[in-house]
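Student: Provide a 3D model corresponding to the input given below.
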Amino acid sequence: MATVIIRPTGEPSSSTGFDVSGSTFISRISDNDASTSASQNNITCSALGIDMENKSAYDSATINSITLSITGASTGKGSPEVTCDIKNGNSTLQTSTFTFSSATTLSGSAYTTSLTPAIVNNLTLDIDPNGTGVILKEVYITVDYTTGGGEGGGGGGGAAAGYSHKVMGIAVANIAKVSTVAKLNIAKINTVD
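Tutor: Numbers count the residues shown, from 1 in each chain. Purely as a prediction, here's the structure:
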């Protein structure tokens, strides 16, 4: 298994209640620098429809899970709660609520249901703090995936050249051997190219 981090990349479709907006808001929560931030400055506060970046690393991979993480802190008025929805189009995949009692990075539960590269490449995020006052420093999603590989690759692995078809309904990535012949040595099965 491998992981890659995807960060916010597009301006929110709507935002209100932060001290910065638009591209400045996105750059501050996605720059991998906890010294930059977006601070809540209104009781009514949200950033909706934030596009998450796409990475080619998992394009042909099996997606195992995605996990949302936020680095944040309180503006000093209490312990703010931030509710986040990970979405694919109009469908909410997961809702997580983070409570910042101190400056820290919090992560939601891993989401694992029916993920594909196409779904991960279409993720958006809604951020909805309560009225307490939050400072957002970093927002990112960790994508856990399994790529193809040869024998001993630990997770199935991809197909050898010339070997790219299902066998008896089993996906190539889940086949290590056919009749004890390593798939790296198979060019054809029953003379089918």
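
Student: and the residue at minimal distance from the centre of the chain, what pLDDT?
Tutor: Nearest to the mean C-alpha position of the chain, by CA atoms, centre = their mean, lies Ile141 at 3.7 Å. For Ile141, the pLDDT comes out at 98.

Student: OK, contacts around it?
Tutor: 5-7, 52, 66-69, 86, 123, 125 (CB atoms under 8 Å, 6 or more residues apart in numbering). C-betas here are computed from N, CA, C, even on glycine.

Student: for it, grab phi and psi.
Tutor: The phi and psi values for Ile141, taken as degrees, to the nearest 10, are phi -120, psi 130.

Student: the closest residue in space to Thr36 that isn't next to it in sequence in helix, strand or coil?
Tutor: Nearest non-adjacent residue to Thr36, counting by CB to CB, 6 or more residues apart in numbering: Arg28, 4.4 Å away. In three-state terms, and counting by DSSP: H, G, I helix; E, B strand; the rest coil, Arg28 is helix.

Student: just to check, Arg28 is in contact with Ser37?
Tutor: Yes - counting by CB atoms under 8 Å, Arg28 touches Ser37, with 5.8 Å between them.

Student: joint contacts of those two?
Tutor: Common contact partners of Arg28 and Ser37 (CB under 8 Å, 6+ apart): 136-137.

Student: so between the two, which is more surrounded?
Tutor: Arg28 (22 against 19; other CB atoms under 10 Å).

Student: which residues touch the more buried one?
Tutor: So Arg28 contacts 20, 36-38, 136-137 (CB under 8 Å, 6+ apart).

Student: 7 Å instead, please
Tutor: Residues in contact with Arg28 (CB atoms under 7 Å, 6 or more residues apart in numbering) are 20, 36-38.

Student: partner residues bridging the residue nearest to the centre of the chain?
Tutor: Ile6, Leu68 (DSSP bridges).

Student: related to what we said a few turns ago, dump the contacts of Arg28 to JSON lines, plus secondary structure and distance to Ser109.
Tutor: Listed next are those as JSON lines, based on DSSP: H, G, I helix; E, B strand; the rest coil; distance: CB to CB, whole Å:
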{"residue": "Val20", "secondary structure": "coil", "distance to Ser109": "29"}
{"residue": "Thr36", "secondary structure": "coil", "distance to Ser109": "27"}
{"residue": "Ser37", "secondary structure": "coil", "distance to Ser109": "25"}
{"residue": "Ala38", "secondary structure": "strand", "distance to Ser109": "24"}
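
Student: pLDDT below threshold where in this protein?
Tutor: Where the chain drops to pLDDT under 70, the residues are 149-193.
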